[in-house]
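S.K.: 3D model of this:
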Amino acid sequence: MKNGFMKTAVTLVLLTVMTLTVALPAFALPINSDIADNYTYNYNRFPVQAPLAYKAIKVIGADDLGLDRQFQPSDIYVRGEYLYIVDRGGNRIVVLDEDYQVVSVITELKNAPALYAYIPGKTNSDGSPYQDPEMLSHNKNTFFGPEGIYVDEEGLIYVADTQNRRIVMCDIEGNVSGVIQGVRVDVINDYTFKPVKIVVDRTGSFLAIGYAVNRGLLEIDNDGTFRSFVGAPPVTYNAADWFWRVIATDEQKKQLVKYVPTEYSNINIDDRGFIYATISTISAPELLTAIANDSVSGSLAPVKKLSPAGSDVLRRTGKFPPVGDLIFEFNSSPQIVDVAVDNESGRYTIIDSRSGRFFTYDPDGNLLYMGGGSSTDQNGRFRTANSIAIRGEHIIISDVGNKSITVYETTEYARLINSAVTANAAGRFEEAAEFWKKVTTFNSNMYIAYIGLGKAEMRQAMANYDETRFDHYENALGYFSKAIEKDNYSKAYGELRKEELSKNFSFIFIGIIVIIVGIIVLYFVRKSLKKKKRGAK
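M.R.: Here you go, the predicted model:
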């Protein structure tokens, strides 16, 4: 009894020490500390230190570009060798080459048609259509408050010329080839078309975020005809709100919070035609609750991947959902304002304007690494980060607050992770496993790497039919155990158990036969003995 009690006590002490050791890094790293580019979250959703993934190599301001101080980048886009910058403050498009040198500055448009100045639903006293005098004062050959940009494979530039209420299509010299304006959206009363962000799909249709439009993306034909809304973020209610709305009086209902669909903050499109969209207005309590309950979806999802039909098909199968930081204060909700996609691997990066951090995820929604941070006077940190683009191993971020463009380069650690994700996406699983092994030498707490290694071992086990398959299953169990990956551990264990049964089936079968025969023999022996006893009497 005494020995049993001592064993139990020692076990409890050891478990307590192990738990504190694992949890220590989470408490050692304050929330929103200056360690903004070398931490990640472990499988228990605690922040832990990690190797540096990005390093800032260039910060570009107005002086570097030879521009005046009106420079205010509102959006950026990479296509081929060029980086396109929407300068909202200077009402121009700035084009940089691969060395980040100025190639072109589009300040004047050529052959632009007259501006559409009519206000929907409004007429003059004589019944004629009313024209906005402010619009009549604008110059048709210049941009005015542009907010968004997209460039197609032929190099045609599409600009959301927001304050001019139009989409302008032009080349790098400013030659206009088309304009979309005066789009009529009859389902919205007195709607005035003001595009904020824009992409173009494979059919040549426009998908735009409209100013003050919360019904989804505007899908517009190339002739300017509105077709439909795409991907409207559904309104999310909780059970308590629904209950009170059912039982409340009319007067009480007026005092309740009005739920309306959420507006998108930015959009991007990948090579397969999927639309990536972000929402920046989710409140901290709502997002924290959704994270805790693993219910990040609908209007509570900061990033979505929309199919051509408008359904959200983003995979969220990681240990935690792709939302940026998992821990934040109630008065400092993350503001995810943009997303960039790497077409080769499927990984994507989102940026939080409030914290200045950007987070890179694999196609399944696993957090790979992060970088950036918030500051007003440090290179590589941001005051109001607002747009992001990927160029190879460079991450490019515009900061409308600091009026600058920052170029980050991935470190060897991040490049190994990128290579593993790319190889896995291409089906080169053994190659991916080699990269994951190297990743663990940089970061032994990288649980995603162990999951990748475990899956590689499982595939090798299923591909081999000799004795080595047992070793692969055993290795997979070890990797999944390190990653605390219960589902895949159970699968590996189940396969190993089946293999063990299959391997020893002949011995088990013979043993069963021997037992059955033994039982039969014993039965007849006992029966024979009973007959002899009766005969002796």
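
S.K.: all helices of the stretch 51-200 of the chain, in order?
M.R.: The residue ranges that make up the helices of the stretch 51-200 of the chain, judged by DSSP state H, counting those that start in this stretch, are 62-65, 133-136.

S.K.: the closest residue in space to Arg459 that isn't next to it in sequence and Asn488, how far apart?
M.R.: Sequence neighbours aside, Phe429 is the residue nearest to Arg459 in space, at 5.4 Å (criterion: CB to CB, 6 or more residues apart in numbering). The way it works is simple: take the backbone N, C-alpha and C, and place the C-beta from them, glycine included. Distance, Phe429 to Asn488, by CB to CB, to the nearest Å: 14 Å.

S.K.: same question for Val323.
M.R.: Taking CB to CB, one finds Val323 at 24 Å from Asn488.

S.K.: who's more crowded, those two?
M.R.: Neighbour tally, Val323 and Asn488, criterion other CB atoms under 10 Å: the higher count belongs to Val323, 25 against 17.

S.K.: chain neighbours aside, what residue packs nearest to the more buried one?
M.R.: Setting aside the residues directly before and after it, Val323 is nearest to Pro302 in space (CB to CB, 6+ apart), at 5.2 Å.

S.K.: test my guess that the one you found contacts Ser280.
M.R.: Yes. Under the criterion of CB atoms under 8 Å, Pro302 is in contact with Ser280, at a separation of 7.5 Å.

S.K.: what sits in contact with each of the two?
M.R.: In terms of CB atoms under 8 Å, 6 or more residues apart in numbering, Pro302 and Ser280 are both contacted by the residues Ile336.

S.K.: which one's more surrounded, those two?
M.R.: With neighbours defined as other CB under 10 Å, Pro302 and Ser280 compare such that Pro302 has more, 26 against 20.

S.K.: list the contacts of the more buried one.
M.R.: Taking CB under 8 Å, 6+ apart as the criterion, Pro302 is in contact with 278-280, 282, 287, 296, 322-324, 334, 336, 350.

S.K.: can I get those in CSV including distance to Tyr158 and pLDDT?
M.R.: Formatted as CSV, the entries for these read as follows, by distance: CB to CB, whole Å; pLDDT from 0 to 100:
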residue, distance to Tyr158, pLDDT
Thr278, 19, 96
Ile279, 23, 95
Ser280, 22, 93
Ile282, 28, 92
Leu287, 32, 92
Val296, 31, 93
Pro322, 28, 96
Val323, 30, 95
Gly324, 28, 94
Pro334, 29, 88
Ile336, 23, 96
Ile350, 23, 97
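
S.K.: just those now: which is nearest Ile167?
M.R.: When the contacts of Pro302 are ranked by distance to Ile167 (CB to CB), Thr278 comes first, at 20.3 Å.

S.K.: from Ile350, how far off is the closest one?
M.R.: 7 Å.

S.K.: quick check on Val48: phi, psi?
M.R.: Dihedral angles phi and psi of Val48 (degrees, to the nearest 10) take the values phi -130, psi 150.

S.K.: so how many other residues sit close to it?
M.R.: Using other CB under 10 Å as the criterion, Val48 is surrounded by 18 other residues.

S.K.: do you know the pLDDT at it?
M.R.: pLDDT, Val48: 89.

S.K.: which ones are touching Gly392?
M.R.: For Gly392, no contacting residues are found, by CB under 8 Å, 6+ apart.

S.K.: can you tell me how far it is from Asn293?
M.R.: As defined by CB to CB, Gly392 lies at a distance of 38 Å from Asn293.

S.K.: quick check: closest non-adjacent residue to Ile275.
M.R.: Once chain neighbours are set aside, the closest to Ile275 by CB to CB, 6+ apart is Leu306, at 4.1 Å.

S.K.: the one you found and Phe229 touch, don't they?
M.R.: No. Here Leu306 does not reach Phe229: they are 11.5 Å apart, not a contact under CB under 8 Å.

S.K.: which of the two has more neighbours?
M.R.: Per other CB under 10 Å, whichever of Leu306 and Phe229 has more neighbours is Leu306, with 23 against 19.

S.K.: list the contacts of the more buried one.
M.R.: Applying CB under 8 Å, 6+ apart, the residues near Leu306 are 217, 230-231, 274-277, 312-313.

S.K.: and it, bridged to which residues?
M.R.: Ile275, Asp312 (DSSP bridges).

S.K.: pull the helix or strand with minimum mean pLDDT from the protein.
M.R.: Ranked by mean pLDDT, DSSP states H and E, the weakest helix or strand in the chain is helix 2-28, scoring a mean of 38.

S.K.: which element follows it toward the C-terminus?
M.R.: The helix or strand immediately downstream of helix 2-28 is strand 39-41, counting by DSSP states H and E.

S.K.: just checking, what packs against that following strand?
M.R.: strand 47-49, strand 367-372 (3 or more CB pairs under 8 Å, 6 or more residues apart in numbering; DSSP states H and E).

S.K.: need the winner for burial among the ones you listed.
M.R.: Here the criterion is mean neighbour count by mean count of other CB atoms under 10 Å, and of the helices and strands packed on strand 39-41 the winner is strand 367-372, at a mean of 24.

S.K.: got the angle for the next helix or strand after it vs strand 367-372?
M.R.: Proceeding N to C from strand 367-372, the next assigned helix or strand is strand 385-391, under DSSP H and E. Note on geometry: by axes from the mean of the first three to the mean of the last three CA atoms, to 10 degrees, strand 385-391 and strand 367-372 are set 120 degrees apart in direction.

S.K.: thanks a lot, see you next time.
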